[in-house]
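Enquirer: Structure for the following, please:
(chains A and B)
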Amino acid sequence: MKYSKEQTQALLQKIENSLRDHLLKNQILDPIIIGVHTGGVWIAEWIQKRMNFDGKPASLNISFYRDDFSKVGVNPKVEPTDMPVSIDDKHIILVDDVLFTGRTTRAAINEIFDFGRPLSVTLVVLVERNGKELPISADIVGEKLELANDKNIKLEGPDPLFLEIIDK
Amino acid sequence: MEPNDINLEKGELAENDIVSQKRLRHFLDIEYLSQPLLLDILDLAESFAGVSGQPVKKVPLLRGKTIVNLFFEASTRTRTTFELAAKRLSADFLNINVDFSATKKGETLLDTLRNLEAMHCDMFIVRHPLSGAAEFISKNVSQNISVINAGDGRHAHPTQAMLDIFTIRKYFKDFKKIKVAIVGDILHSRVARSLIHALRILEVPDIRVIGPKTLLPSGIERMGATPYVDMDEGIKNCNVVIMLRLQNERMDSSFIPDENEYYNLYGFTPRRQELLAKNGIIMHPGPVNRGVEISSEVADGDRSVILQQVSNGIAVRMAILSLSMQPQQDNK
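Expert: Coordinates of the predicted model:
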């Protein structure tokens, strides 16, 4: 099943509004937006533009921090991580498209800490689905979904961005 | 295999070398690898290159794995860049200096291997003065151990060739449009052999080997390289020139009259830089013999990328180590 472009846009708008509230409430003026490859980077770019932050967002490729290397090996097609600014003493907005088991987020946080010591990390996802395997939850969520075990949800993009539920 | 005996027939190595798209069984030679696999290794190395720029220069990919440098021959660059590569991947790392180890006390090579296996090592990086040594070891270790060839006799030095093509790609995106010359002691050079194979697989249209007749192996044309005896003619309009050192330790008789004459005929001097293509670069796998095959002015000059080769060696070796590490065995 495909979400329409408009439905996906509405979810993006929702996380943007929640993020604005979050930044205001916590008096965060200059956060660093970091997207997780690939879908998270598209959303991070969208947020960066919408909220008029300078430059382009940082991007993480967590392939070298995965916990299943012994089973599946490393994927040679790995987009490099790009961390253009220092994250020491900064508030991080970590953006991903889907929160599922929590393992990607665990790897992303580990990688972030190899670049420095941020003041805080806020997790923003477009969709949080069932199937959590680690005690990790998102702070800002576009939509919570219950999906059958044989289904996956993924973000297609970058232009237009739309969500799609597919068979595993 | 001796250098004069060039054989392009596909051997059993090919079948054993690659387990899947995502993993290599061993990394022994470039000869039988496919172009997509070579490009995958280069792409992965590109991602690893960023790790050296991080505040914490480490990723946890090979945490809990044990890698052994098994060097039967002197080496500085290769040994240390393998060590750094393994450590940046968070592997535990052992340097076995064979000169001082049990082999000097009468233990056979196979006994040494069995002992290292019993210590639950996961990978051997082998350098040996005899051609075929790494392959021999790969056939005599247990299934869960990968072997990386870090140079065997005159035969192959595949990781050096990989870092050379990685360096070339930094300057020239399209391998199909460049002219590459390798200059010097082609006959004794495992670097030259592996590099020619890599360039051929990447479809470089013009591969030249330059040196005195005594140092050019017969049958080199069958490997896809054109021999030149005149250096000026050979390097003319080349985009990449790779200088090799004279491998005196592998020469059992005199192959050149003397080093001064060699320098006049085949040394890379500032005058010769002008013969290259406008964007031409100069490479050298090291160690550099200044005043024998290259002048200091050229080695330290604008067109030299010799030190970049060393830096690139770490990222390329990280890619090869991570692609060659075998999956966890249940019986371990």
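
Enquirer: Number of residues surrounding residue 26?
Expert: Just going to use chain A. Using other Cβ atoms under 10 Å in any protein chain shown as the criterion, residue A:26 is surrounded by 11 other residues. Any C-beta I mention is one placed from the backbone N, CA and C, and that applies to glycine too.

Enquirer: ah, no, chain B please
Expert: Around residue B:26 there are 26 other residues, counting by other Cβ under 10 Å.

Enquirer: so how far is the helix or strand hosting residue B:311 off the chain centroid?
Expert: Counting by DSSP states H and E, the element that carries residue B:311 is helix B:306-324. Between the mean C-alpha point of helix B:306-324 and the mean C-alpha point of its chain there is a distance of 10 Å (Cα atoms, centre = their mean, to the nearest Å).

Enquirer: now for that helix, which elements pack on it?
Expert: For helix B:306-324, the elements it packs on are strand B:23-24, helix B:35-49, helix B:77-88, strand B:146-152, helix B:158-171, strand B:281-283, judged by 3 or more Cβ pairs under 8 Å, 6 or more residues apart in numbering or on different chains; DSSP states H and E.

Enquirer: mind checking pLDDT for residue 136?
Expert: Unless you meant another one, I'm taking chain A. Predicted confidence (pLDDT) at residue A:136: the value is 97.

Enquirer: right idea, wrong chain: chain B
Expert: pLDDT, residue B:136: 92.

Enquirer: Checking it next. Helix, strand or coil?
Expert: Look at residue B:136: counting by DSSP: H, G, I helix; E, B strand; the rest coil, its state is helix.

Enquirer: Now for it, how many residues are close by?
Expert: Burial of residue B:136 is recorded as 17 neighbouring residues (other Cβ under 10 Å).

Enquirer: what residues does chain A put near chain B?
Expert: Proximity of chain A to chain B is confined to A:61, A:63-65, A:69-83, A:110-111, A:113-116 under the rule Cβ under 8 Å from any Cβ of the partner chain.

Enquirer: for chain A, what's the longest helix?
Expert: The residue-count maximum for a helix in chain A (DSSP state H) belongs to helix A:5-25.

Enquirer: dump the residue contacts of the nearest residue in space to residue B:81 that is not next to it in sequence.
Expert: Counting by Cβ to Cβ, 6 or more residues apart in numbering or on different chains, residue B:81 lies nearest to residue B:313, which is 4.2 Å off, once chain neighbours are set aside. By Cβ atoms under 8 Å, 6 or more residues apart in numbering or on different chains, residue B:313 lies in contact with B:77-78, B:81, B:85, B:159-160, B:163.

Enquirer: same thing but at 10 Å, please
Expert: Under the criterion of Cβ atoms under 10 Å, 6 or more residues apart in numbering or on different chains, the contact partners of residue B:313 comprise B:45, B:77-78, B:80-82, B:84-85, B:159-160, B:162-164, B:166-167, B:285-286.

Enquirer: Where does residue A:87 sit: helix, strand or coil?
Expert: coil.

Enquirer: Tell me if I'm right that it and residue A:60 touch.
Expert: No: with contact taken as Cβ atoms under 10 Å, residue A:87 and residue A:60 are classed as non-touching, separated by 11.1 Å.

Enquirer: If we ignore the residues flanking it in sequence, what's nearest the residue in the stretch 101-250 of chain B positioned nearest to chain A?
Expert: In the stretch 101-250 of chain B, no residue comes nearer to chain A than residue B:122, which is 10.2 Å away by Cβ to the nearest Cβ. Closest residue to residue B:122 apart from its sequence neighbours, by Cβ to Cβ, 6+ apart: residue B:65 at 4.5 Å.

Enquirer: Strands of chain B, start to end?
Expert: In chain B, strands defined by DSSP state E lie at B:18-20, B:23-24, B:66-71, B:92-97, B:123-128, B:146-152, B:179-183, B:206-210, B:226-228, B:240-243, B:281-283, listed in chain order.

Enquirer: need the helices for the stretch 151-300 of chain B, in chain order.
Expert: Read by DSSP state H, counting those that start in this stretch, the stretch 151-300 of chain B holds these helices, from start to end of the chain: B:158-171, B:190-201, B:231-235, B:259-266, B:270-273, B:296-299.

Enquirer: Kindly report the same for chain A.
Expert: For chain A, helices defined by DSSP H occupy the ranges A:5-25, A:39-50, A:69-72, A:103-113.

Enquirer: By mean pLDDT, show me the worst of those helices.
Expert: helix A:69-72 (a mean of 83).

Enquirer: In that helix, which residues are buried?
Expert: When neighbours are counted by 16 or more other Cβ atoms under 10 Å in any protein chain shown, the buried residues of helix A:69-72 are found to be A:69-70.

Enquirer: Next: stretch A:44-55.
Expert: Of the residues in stretch A:44-55, those with enough neighbours to count as buried (16+ other Cβ under 10 Å) are A:44-48, A:53.

Enquirer: Give me the distance between the residue nearest the centre of chain A and residue B:125.
Expert: Among the residues of chain A, residue A:96 comes closest to the average C-alpha position under Cα atoms, centre = their mean, at 1.4 Å. Using Cβ to Cβ, to the nearest Å, we find residue A:96 at a distance of 37 Å from residue B:125.

Enquirer: Equivalent analysis for residue A:108, please.
Expert: To residue B:125, residue A:108 is 31 Å away according to Cβ to Cβ.

Enquirer: neighbour count winner among the two?
Expert: In this comparison of residue A:108 against residue B:125, neighbours counted by other Cβ under 10 Å, the higher total goes to residue B:125 at 31 against 25.

Enquirer: Grab the nearest non-local neighbour of that one.
Expert: Residue nearest to residue B:125 in three dimensions, not counting chain neighbours: residue B:148, with 4.6 Å by Cβ to Cβ, 6+ apart.

Enquirer: contacting residues around the residue most central in space within chain B?
Expert: Central residue check for chain B by Cα atoms, centre = their mean: the C-alpha nearest the mean position is that of residue B:160, 2.1 Å away. For residue B:160, the set of contacting residues under the criterion of Cβ under 10 Å, 6+ apart consists of B:77-78, B:81, B:150-151, B:189-191, B:194-195, B:198, B:285-286, B:309, B:313, B:316-317.

Enquirer: Can you flag the buried ones in these?
Expert: Buried positions within those, assessed by neighbour count (16+ other Cβ under 10 Å), are B:78, B:81, B:150-151, B:189-191, B:194-195, B:198, B:285-286, B:309, B:313, B:316-317.

Enquirer: Residue A:123: how many residues sit nearby?
Expert: Residue A:123 has 22 neighbours, counted by other Cβ under 10 Å.
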